[in-house]
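Peer 1: Here is my input; please provide its structure:
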Amino acid sequence: MYRCILARETITAPCMNESIAERVVLVIENNPEHLSRIEAAFQESPMPHRLVAIADGTEALDFLHRQGKFCEAIRPDLILLDLNLSGRDGREILQEIKINPHLKRIPIVILTMSTNEADIFNSYALQGNCYVIKTADLNQLFQVVRRIEEFWLGIVTLPVE
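Peer 2: Numbers count the residues shown, from 1 in each chain. The predicted model follows:
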């Protein structure tokens, strides 16, 4: 399933004459409760963004490669990736993105319930940018996602393709 959750328009930064570009965030997550909390956290963001959610690993790769129904897809500026997905799992998606010269510069936040040491090690070995363990507490998940959003959209300078 694919959906564009929300969009914010480009805004002018306070006390500056430059515009802040809208950032596209691809969320690859198949748990509806977790996705709902992620959406809610991003809705509070003052940063201009468009959140795109895909629940299936195979569809996520089609989106990234602009194939099939995703031929008009926008390249994401940031990816939030769960490891445990239907279709192709997050481990395969991470590996495929990081070996692709057109996609490998997209920062990927692994956002998963897995506490497996091998998953953590392999995610960093495959050049995942950070590994965040989701909590079962949905309120805490909301706060974690807010911090991810603040850091990756508010502090970090992302590459422009």
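Peer 1: all contacts plus neighbour counts: C-alpha atoms, from now on.
Peer 2: Noted.
Peer 1: burial of residue 46, as a residue count?
Peer 2: Neighbour count of residue 46, defined by other C-alpha atoms under 10 Å: 12.
Peer 1: Kindly apply the preceding question to residue 146 instead.
Peer 2: Neighbours around residue 146, by other C-alpha under 10 Å: 19.
Peer 1: any idea which helix or strand carries it?
Peer 2: Secondary structure from DSSP states H and E places residue 146 in helix 138-149.
Peer 1: Which residues belonging to that helix are considered buried?
Peer 2: Buried residues in helix 138-149, counting neighbours by 16 or more other C-alpha atoms under 10 Å, are found at 141, 142, 144, 145, 146, 148, 149.
Peer 1: Also stretch 115-124?
Peer 2: Applying 16+ other C-alpha under 10 Å to stretch 115-124 flags 119, 120, 123 as buried.
Peer 1: correct me, but the last one touches residue 132?
Peer 2: Spelled out, that is residue 123. No - Residue 123 is beyond contact range of residue 132, at 10.8 Å (criterion: C-alpha atoms under 8 Å).
Peer 1: list the residues that contact both of the two?
Peer 2: Both residue 123 and residue 132 are in contact with residue 110, where contact means C-alpha atoms under 8 Å, 6 or more residues apart in numbering.
Peer 1: Tell me the one among the buried residues of helix 138-149 nearest to residue 52.
Peer 2: Checking the buried residues of helix 138-149 against residue 52 with C-alpha to C-alpha, the nearest one is residue 149 at 14.1 Å.
Peer 1: Find the nearest non-adjacent residue to the closest one, please.
Peer 2: Once flanking residues are discounted, residue 149 sits nearest to residue 42: 7.0 Å by C-alpha to C-alpha, 6 or more residues apart in numbering.
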